[in-house]
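Enquirer: Predicted structure and sequence below. I'll ask about it afterward.
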Amino acid sequence: MKKIITDKQKIDELLEKGVEKIYPSKDEFRKRLLKGERIRLYCGYDPTASSLHIGNAITINKLAQFQALGHEVIFLVGSFTATIGDPTDKASARKKMTREEVDENSKLYKEQASAYLDFGGDNPAQVMNNSTWNDKLSFKDLIELSAHFTVQQMIQRDMFQKRLQEEKPIYLHEFLYPLAQAYDSVSMDVDLEIGGNDQMFNMMCGRDLMKSLGMRDKFVMTLKILADEQGKKMGKSEGNAVFLSNTPEEMYGIIMSWSDGFIAPAFELATKKTMAEVKEIKKKLGEGVNPRDMKMKLAFEIVSIVHGEKRAREAEEYFVRIVQKKEIPEEIAEKKLKIKNWKLVDLLAETELTSSKGEARRMIQQNAVRVNGKVVADAEMEIEITKEGVLLQKGKRGFVRVVLK
RNA sequence: GGGUCGAUACUCAAGCGGUCAACGAGGGCAGACUGUAAAUCUGCUGGCAUUAGCCUACGUAGGUUCAAGUCCUACUCGGCCCA
């Protein structure tokens, strides 16, 4: 077993970087760490999507930090809880997932998490699955569990309040979600749970339940949510979410399209940079360094962690060449067609560059379509496909080469 | 169980018999600007045809009417109140 590191500086770094708050108290938790106590901690991930995203990477990053100091890390896959649906931040009830969908999604999670976390070596992170214990609960067990919580406790959550106000339904199973999560803490008997700031309520339920059952006093560490200075969150809805399944090029490009306000927070939350380095970055940004260059460093860092340095370098080259210098990419989807002569609209629809002919017409009207690099304004233009191929472009990113078969 | 209100495009949300493929907002896409952006501005955002026009859509199924998202009936699902 790996030795527990009690280096004061490293512990302070651990307690500061990306951390919003530690319950019940940071000082107390710090003392425990300094004593050299081995902490058993976890963070849960509901496999509701086929890929982890950058928000998940924040907590995984923190797990990795604990791991590096020798603590016992559990990567919990919420295969059970995903079938309930977490009401957190949801204005309406989430669609429940089937076990099949969930199993499918969780397959890739471990692999993606290994970008940050070490599942081998002398202090491997453990993967657990909360259906292991939750599947075994009987109805009686559930009722006993639920007796530890009150309805008032549950409805005080702001998203439930919001739904009450809007006269939208709140289903009973949504109250049960925090319970299920709380039971995870009990089953694994952990010293600490970490999670995003928005998970505070769920995590505190676990703390309450353990206390109520006379178990240990679980700590809860909430991490900052990736947001800019105005507190504007980054999410899937913003269209700028990075998935760990993105290719290096995609990932690099998406990070570059983040607004500048995300640069410093993202360095703190999603990279291995120390707080001192993050401060240095903030300072540079304040001094008027071109934010683009800092953002390129950020994109490089994150892509390196997920895909390795070599791929990150390639992604960077790609970005400079294709996006900044607007060159045509080398790798273009190729579509082989048997028919030689086409009208431009038909061709755009056929290649699926546009989803319909109507859309093709609209794009042409808006000067968004290029044929062999030249903007074409005539929707009816006759295109003759050759063996060498004709290059079609829609907007900045859509490229297809059509070749005569 | 009774009463009552509601169900509209990706999301929210107008609509109160013809002028509704459906106001508006968000999102998305595209153009301009730029540092790659973000912000801002502009356009587009069901399909086919593009001149006209046709088809499919407003919870489901029927009905009234020359004409229905809009009225009626039943059903399904949800909120609220009462029990």
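Expert: Received the coordinates, thanks.
Enquirer: Where do the strands of the stretch 251-400 of chain A begin and end?
Expert: A:333-337, A:341-343, A:369-371, A:374-375, A:382-384, A:390-394, A:398-404 (DSSP state E, counting those that start in this stretch).
Enquirer: how about JSON lines for those strands, with distance to A:L172 added?
Expert: C-beta here means a position set from N, CA and C on the backbone, and glycine is covered the same way. Listed next are these as JSON lines, based on distance: least, CB to CB, whole Å:
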{"stretch": "strand A:333-337", "distance to A:L172": "48"}
{"stretch": "strand A:341-343", "distance to A:L172": "57"}
{"stretch": "strand A:369-371", "distance to A:L172": "53"}
{"stretch": "strand A:374-375", "distance to A:L172": "58"}
{"stretch": "strand A:382-384", "distance to A:L172": "60"}
{"stretch": "strand A:390-394", "distance to A:L172": "48"}
{"stretch": "strand A:398-404", "distance to A:L172": "46"}
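Enquirer: Of those, which is nearest A:M221?
Expert: strand A:398-404 (43.4 Å; CB to CB).
Enquirer: In terms of secondary structure, what does the closest one contact?
Expert: strand A:333-337, strand A:390-394 (3 or more CB pairs under 8 Å, 6 or more residues apart in numbering; DSSP states H and E).
Enquirer: Adding mean pLDDT as columns, could you present these in JSON lines?
Expert: Formatted as JSON lines, the helices and strands packed on strand A:398-404 follow (pLDDT from 0 to 100):
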{"stretch": "strand A:333-337", "mean pLDDT": "85"}
{"stretch": "strand A:390-394", "mean pLDDT": "89"}
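Enquirer: Report pLDDT for A:H53.
Expert: At A:H53, the model reports a pLDDT of 85.
Enquirer: Hmm, it is touching A:I254, no?
Expert: No: using CB atoms under 8 Å, A:H53 is not in contact with A:I254; the gap is 10.6 Å.
Enquirer: which residues do those two both contact?
Expert: A:A241, A:V242 (CB atoms under 8 Å, 6 or more residues apart in numbering).
Enquirer: returning to what we had before: would you list the strands of the stretch 251-400 of chain A in CSV and tack on distance to RNA strand B and mean neighbour count?
Expert: Putting those into CSV (distance: least, CB to the nearest atom of the strand, whole Å; neighbours: other CB atoms under 10 Å) gives the following:
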stretch, distance to RNA strand B, mean neighbour count
strand A:333-337, 15, 14
strand A:341-343, 9, 15
strand A:369-371, 8, 20
strand A:374-375, 8, 10
strand A:382-384, 13, 13
strand A:390-394, 6, 20
strand A:398-404, 6, 18
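Enquirer: re earlier: save the helices and strands packed on strand A:398-404 as a markdown table, and put in distance to A:R292 too.
Expert: Output for these, formatted as a markdown table (distance: least, CB to CB, whole Å):
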| stretch | distance to A:R292 |
| --- | --- |
| strand A:333-337 | 29 |
| strand A:390-394 | 24 |
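Enquirer: what helix or strand does A:K3 sit in?
Expert: Here A:K3 sits in a region with no helix or strand, counting by DSSP states H and E.
Enquirer: so what's it up against?
Expert: So A:K3 contacts A:G70 (CB under 8 Å, 6+ apart).
Enquirer: That one and RNA strand B, how far apart?
Expert: 42 Å (CB to the nearest atom of the strand, to the nearest Å).
Enquirer: Let's test this: mean pLDDT of stretch A:397-405, rounded?
Expert: Stretch A:397-405 comes out at a mean pLDDT of 86.
Enquirer: residue contacts, A:T81?
Expert: Going by CB under 8 Å, 6+ apart, the list of residues near A:T81 reads A:G44, A:D46, A:N130, A:N134, A:Y177, A:A180, A:Q181, A:D184.
Enquirer: looking at those, which has the most residues close by?
Expert: In terms of neighbour count, A:Q181 stands highest of the contacts of A:T81 at 29 neighbours, by other CB atoms under 10 Å.
Enquirer: The closest residue in space to A:I60 that isn't next to it in sequence: how many residues sit nearby?
Expert: Closest residue in space to A:I60, ignoring its immediate chain neighbours: A:Y116 at 4.5 Å, by CB to CB, 6 or more residues apart in numbering. Neighbours of A:Y116 under the rule other CB under 10 Å: 24.
Enquirer: With A:P178 instead?
Expert: 27.
Enquirer: what do you get for A:N105?
Expert: Around A:N105 there are 21 residues (other CB under 10 Å).
Enquirer: residue contacts, it?
Expert: With CB under 8 Å, 6+ apart, A:N105 has these contacts: A:P47, A:T48, A:A49, A:S50, A:A82.
Enquirer: 10 Å instead?
Expert: Taking CB atoms under 10 Å, 6 or more residues apart in numbering, we find A:N105 in contact with A:Y45, A:D46, A:P47, A:T48, A:A49, A:S50, A:S51, A:L52, A:V77, A:S79, A:A82, A:M97.
Enquirer: Please give me every residue in contact with the third one.
Expert: Contacts were defined as CB under 10 Å, 6+ apart; by that measure A:P47 touches A:77-79, A:81-83, A:97, A:101-109, A:129.
Enquirer: Among these, which are located in strands?
Expert: Secondary structure from DSSP state E places A:V77, A:N129 of the contacts of A:P47 in strands.
Enquirer: Just the ones of the contacts of A:P47 in helices?
Expert: A:T81, A:A82, A:T83, A:E101, A:V102, A:D103, A:E104, A:N105, A:S106, A:K107, A:L108, A:Y109 (DSSP state H).
Enquirer: In CSV, list those along with distance to RNA strand B and pLDDT.
Expert: What follows is the ones in helices among the contacts of A:P47, written out as CSV (distance: CB to the nearest atom of the strand, whole Å; pLDDT from 0 to 100):
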residue, distance to RNA strand B, pLDDT
A:T81, 22, 85
A:A82, 21, 80
A:T83, 19, 76
A:E101, 19, 74
A:V102, 22, 78
A:D103, 26, 79
A:E104, 23, 79
A:N105, 21, 80
A:S106, 25, 82
A:K107, 27, 80
A:L108, 24, 85
A:Y109, 25, 92
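Enquirer: Using neighbour counts, give me the buried entries of these.
Expert: A:T81, A:A82, A:T83, A:E101, A:V102, A:D103, A:N105, A:S106, A:Y109 (16 or more other CB atoms under 10 Å).
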